[in-house]
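*Asks:* Build me a model from this:
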Amino acid sequence: MTDPRLSDQSVFPDPVYKETVLAPLFDGAKDHHVEGFRAIDRAHLVMLCETGILEAGQARDIAVALDSIDAEIEPSSLVYTGEVEDFFFLIEKELKKRVGPDVGGRLHTARSRNDIDHTLFKLGLRERLNVLIGKALKLHATLIAAAEREKDTLIVAYTHGQPAQPTTFGHYLSAIVEFVGRDIERLFEAYRIVDLSPMGAAAITTTGFPTDRARVAELLGFAAPLQNSYSCIAGVDYITSTYSAIELMFLHLGRPIQDFQVWTSFEVGQVYVPNSLVQISSIMPQKRNPVPIEHLRHLSSQTVGRAQAVLTVMHNTPFTDMNDSEGETQSMGYQAFASAYRVLDLLAALVEQIRIDPKRVRDNISRSCITITELADSLVRREGLSFREGHEIAAAVAKAVVAQGGDLVRDGYAPFTAAFEKATGRRSALDETSFGEIVSPEYFVSVRTRFGGPAPEPLLAAIAGYKADAKRLADTHEKLLRRQADAARMLKERFDALKGTA
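*Replies:* Residues are numbered from 1 along each chain as shown. Purely as a prediction, here's the structure:
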């Protein structure tokens with residue numbers, strides 16, 4: 001049987017392969033990674049010259065040619081033809097055209113598409129994480145400001161979908177502040193892994209040339225090189241950590257968004273959304289539709305789904321360089337960032353503008369008897385009863401008030417005295433005024449002074465801590481951005497120096 005390799009007359013690329021794989025990859029590179037390619041080429045060239053791997057004249061010629069490529073070729077106008085395999089080879093082809101194959105081929109000394117690609121993807125994720133963290137920090141600050149503004153604003157808190165206890169909107173928002181802060185910490189932890197440079201790993205095992213991996217990392221604004229060269233091309237935990245953090249953040253945000261949806265309903269109505277964030281019905285003139293909350297809900301779910309899709313693609317892949325983690329998966333993941341940005345911006349705007357309707361809160365508290373827990377607690381403290389005795393008396397009072405459609409403060413004292421005497425065989429020391437104070441929502445909140453509670457003292461202490469955390473997180477991000485800006489200036493200066501234009 002004839003060896004098929006000897007009779008193979010086919011020419012790369014096969015038309016179907018070109019249209020289904022190579023063209024989409026090319027388009028993804030030109031749409032998302034042009035600046036990353038430019039930075040990597042320049043940083044690698046500077047390092048090759050500084051280490052003596054390239055002569056100064058060769059480095060100068062390559063640098064001038066790279067500038068001319070940037071000036072003469074507009075990536076967005078390029079259409080994949082199949083003449084070269086991918087965007088990398090297009091740039092190399094253009095480089096050789098300008099300086100000849102000998103000098104033009106020297107830029108690729110001591111590197112591979114393997115380490116280039118993962119560096120490229122890390123630069124792309126780092127850029128998007130910078131935007132995402134910036135928007136998350138803004139939401140975090142907005143939530144803290146709103147919590148402080150609403151620290152005394154009463155709301156009904158729900159458990160299992162039913163009215164449970166009164167608290168303040170500031171206390172509720174502070175709970176969101178806490179998990180958003182933790183989610184930002186998770187983004188920073190993912191960032192720490194993204195912020196290690198794979199350049200210099202080459203294909204798998206580094207190189208015999210005297211390269212300086214730390215210098216390339218510095219010029220590209222990374223914290224340091226990723227140490228193990230195999231890990232540089234196989235360890236995709238920079239991808240999984242990033243999209244895991246995104247998935248968790250938007251899964252978490254979806255829960256208070258769902259609360260806002262319920263709280264703006266006609267039946268609950270404790271949150272008022274201003275006209276600027278309300279759409280009308282095309283047929284029903286009475287409708288006020290807080291549609292932005294619906295968009296927040298489905299965009300959060302889309303973000304979770306897109307992030308999860310990237311994680312699913314990474315599942316059960318070989319521990320090596322492989323296409324599963326590369327161009328098309330990266331482009332798919334960027335859609336998660338796009339929807340995430342929209343959620344963070346819109347949610348910050350919503351939190352800043354919504355207000356609590358105090359009348360609806362009062363009505364709902366009155367109808368639901370949700371302050372009755374404090375009556376049970378007060379009977380323990382003031383009457384010396386066991387909590388179970390106090391609870392049973394309070395339950396009888398709530399049942400009687402609800403049965404008559406009454407108000408606990410106004411209508412609860414008579415049922416209370418009857419239930420107390422029946423349970424204890426004596427009269428309560430509480431008069432009607434004291435009873436009314438005990439079952440008021442203001443009193444309920446004011447006595448909950450324990451750590452983490454809604455009373456002014458613990459809540460204001462918590463808010464002070466949140467502000468300190470927000471400043472620490474913002475300062476951390478600012479240092480990262482400053483380091484990258486300094487690195488970009490350094491790279492430009494060193495690259496210009498190669499050309500003799502510094």
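*Asks:* Which other helices and strands does the longest helix seen in the chain contact?
*Replies:* Ranked by residue count under DSSP state H, the longest helix found in the chain is helix 456-499. If contacts are counted by 3 or more CB pairs under 8 Å, 6 or more residues apart in numbering; DSSP states H and E, helix 456-499 sits against helix 34-50, helix 56-72, helix 113-149, helix 169-194, helix 213-219. C-beta coordinates here come from the backbone N, C-alpha and C atoms, glycine included.
*Asks:* Nearest to residue 321 among these would be which one?
*Replies:* Closest to residue 321 of the helices and strands packed on helix 456-499, according to CB to CB: helix 113-149, at 4.9 Å.
*Asks:* buried stuff in the closest one?
*Replies:* Neighbour counts using 16 or more other CB atoms under 10 Å place 113-126, 128-129, 132-133, 135-137, 139-148 of helix 113-149 among the buried residues.
*Asks:* Next: stretch 35-54.
*Replies:* For stretch 35-54, the neighbour count (16+ other CB under 10 Å) marks 36-49, 53-54 as buried.
*Asks:* Over to stretch 236-255?
*Replies:* Neighbour-count burial for stretch 236-255, counted by 16+ other CB under 10 Å, picks out 236, 238-254.
*Asks:* could I have that stretch exported to PDB, CA atoms only?
*Replies:* Provided in PDB are the C-alpha atoms of stretch 236-255 (Å, rounded to 0.1, in the frame of the first residue of the first chain):
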ATOM      1  CA  VAL A 236      -4.800  27.600  32.500                       C
ATOM      2  CA  ASP A 237      -5.700  28.400  36.100                       C
ATOM      3  CA  TYR A 238      -5.400  32.100  35.200                       C
ATOM      4  CA  ILE A 239      -8.400  31.500  33.000                       C
ATOM      5  CA  THR A 240     -10.400  29.300  35.400                       C
ATOM      6  CA  SER A 241      -9.700  31.600  38.400                       C
ATOM      7  CA  THR A 242     -10.800  34.700  36.500                       C
ATOM      8  CA  TYR A 243     -14.100  33.200  35.200                       C
ATOM      9  CA  SER A 244     -14.800  31.500  38.500                       C
ATOM     10  CA  ALA A 245     -14.500  34.900  40.300                       C
ATOM     11  CA  ILE A 246     -16.800  36.400  37.700                       C
ATOM     12  CA  GLU A 247     -19.300  33.600  37.900                       C
ATOM     13  CA  LEU A 248     -19.500  33.900  41.700                       C
ATOM     14  CA  MET A 249     -19.800  37.700  41.700                       C
ATOM     15  CA  PHE A 250     -22.700  37.800  39.300                       C
ATOM     16  CA  LEU A 251     -24.400  34.800  40.900                       C
ATOM     17  CA  HIS A 252     -24.300  36.700  44.200                       C
ATOM     18  CA  LEU A 253     -25.500  40.000  42.700                       C
ATOM     19  CA  GLY A 254     -28.500  38.300  41.100                       C
ATOM     20  CA  ARG A 255     -30.000  37.600  44.500                       C
END
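*Asks:* model confidence over that stretch, on average?
*Replies:* Across stretch 236-255, pLDDT averages out at 98.
*Asks:* Residues in contact with that stretch: which ones?
*Replies:* Residues outside stretch 236-255 that contact it (CB atoms under 8 Å, 6 or more residues apart in numbering) are 121-122, 125, 129, 132, 136, 179-180, 183, 186-187, 189-190, 193-194, 196, 296-297, 300-301, 303-304, 307-308, 310-311, 314, 317, 325, 329, 333, 336-337, 340, 343, 347.
*Asks:* Please apply the same query to stretch 471-484.
*Replies:* By CB under 8 Å, 6+ apart, the surrounding residues in contact with stretch 471-484 are 126, 130, 133-134, 137, 140-141, 181, 184-185, 188, 191, 195, 221, 223.
*Asks:* who touches residue 214 in this structure?
*Replies:* Contact analysis of residue 214 by CB under 8 Å, 6+ apart lists 224-225.
*Asks:* Which parts of the protein belong to which domain?
*Replies:* According to automatic domain parsing, the chain comprises the domains 11-109, 114-153+178-209+223-356, 372-439.
*Asks:* circling back: and the helices and strands packed on helix 456-499: which comes nearest residue 455?
*Replies:* Closest to residue 455 of those is helix 169-194 (CB to CB; 9.0 Å).
*Asks:* Need the residues that contact the following helix or strand past the closest one.
*Replies:* Once the chain leaves helix 169-194, the next helix or strand it forms, by DSSP states H and E, is strand 196-197. Here strand 196-197 makes contact (CB under 8 Å, 6+ apart) with 119, 122, 213, 216-217, 220, 222-226, 238.
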